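A predicted structure for the sequence below; I have some questions about it.
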Amino acid sequence: MAKGEPIEGLSDEERALLGDALRALRLQRGKEWNAACDAAEAAGKRRPSLRPYGIDEIKRLARRLGVGPTHWMEEY
């Protein structure tokens, strides 16, 4: 399977479970990133990168699974 190809071979129930898990993970990581941004702002520093929080990877995996957006503001 090439990177970025849709992931196949999962049942609808498995796909739904993974979608729910990715949304929960995206929510938690988003909260952590927001807290880090608040701390940086309070210290007069720049906002941290999203990279260490894996948010882009979560979004890519959700697209490959075909489970839809992982955040209420995201669209495909």
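Good, I have the coordinates. A quick note: this is a predicted structure, and the numbers were derived from the prediction, not measured. Numbering: from 1, shown residues only.

drop to CA atoms for contacts and neighbour counts, all remaining ones
OK.

Which phi and psi values does Arg29 adopt?
phi -60, psi -40 (degrees, to the nearest 10).

What sits closest to it if chain neighbours are left out?
Leaving out its chain neighbours, the residue that sits closest to Arg29 by CA to CA, 6 or more residues apart in numbering is Tyr53, at 5.9 Å.

now swap in Lys59 and tell me
Thr70 (6.5 Å).

Spit out the contact partners of the residue nearest to Arg29.
Arg29, Gly30, Glu32, Trp33 (CA atoms under 8 Å, 6 or more residues apart in numbering).

what's in contact with stretch 3-19?
Applying CA under 8 Å, 6+ apart, the contact partners of stretch 3-19 are Arg60, Ala62, Arg63, Arg64, Leu65, Gly66, Val67, Gly68, Thr70.

list the buried ones in the host helix or strand of the third one?
Assigning secondary structure by DSSP states H and E places Arg63 in helix 55-65. Neighbour-count burial for helix 55-65 flags Ile55, Ile58, Lys59, Leu61, Ala62, Arg63, Arg64, Leu65 (criterion: 16 or more other CA atoms under 10 Å).

Could you do stretch 22-33 as well?
Buried positions in stretch 22-33, judged by neighbour count with 16+ other CA under 10 Å: Leu22, Arg23, Leu25, Arg26, Leu27, Arg29, Gly30, Trp33.
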